[in-house]
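Visitor: Give me the fold of what follows.
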Amino acid sequence: MSASLLADLVDYLATQASLVKGTSLFLGSLPEGSGLATAIVPTGGASRPYSVCLAATFQVLTRGADAGLVTPLARAWAIYDALYPSRLPRRNVMLSTEWKLVLVDAIQPPADAGLNEAGRRIVSWNFQVKALKRSA
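Guide: Predicted coordinates for the structure are as follows:
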């Protein structure tokens, strides 16, 4: 998995889902604290190696500010819709000047993952991408 792909993916999602990187959207892990937050976490796996594409899988974790489900679920669906707008695999998205997403495919839709140790609601979903790094 490429660190630049993750960073560009978070930048793209911040724009598409009207979130702020480092404030409401994070890369790698959820921040400490109790407020509403979303993180894009690489899962470390790919479905299989591709000769010309980088294949990577990610988990989207949204933590609510309390035990309620409505707000974190709505946030998770906003990100889902940004990547997967018609509920069909999305193709040929120019992520940045460096990366083109050849395919974005949801592994499953947002779902309630229960409460964390602080009693805050967690919503989770996973997706995979196949990306091409543009030549310099």
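Visitor: Now find how far off-centre stretch 109-128 is within its chain.
Guide: Using Cα atoms, centre = their mean, to the nearest Å, the mean C-alpha position of stretch 109-128 is found 13 Å from that of the whole chain.
Visitor: which helices and strands does the helix or strand hosting residue 100 pack with?
Guide: Assigned by DSSP states H and E, residue 100 belongs to strand 99-115. Helices and strands touching strand 99-115, by 3 or more Cβ pairs under 8 Å, 6 or more residues apart in numbering; DSSP states H and E, are helix 3-16, strand 54-63, helix 70-83, strand 90-94, strand 121-133. (C-beta placed from N, C-alpha, C; glycine too.)
Visitor: contact partners of whichever helix or strand comes after the first one?
Guide: By that I understand helix 3-16. Per DSSP H and E, the first helix or strand lying C-terminal to helix 3-16 is strand 25-27. With contacts defined as Cβ atoms under 8 Å, 6 or more residues apart in numbering, strand 25-27 is touched by 6, 7, 10, 13, 14, 17, 19, 21, 37, 38, 39, 40.
Visitor: Show the buried residues in the residues you listed.
Guide: Among the contacts of strand 25-27, those buried by neighbour count (16 or more other Cβ atoms under 10 Å) are 6, 7, 10, 13, 14, 17, 19, 37, 38, 39, 40.
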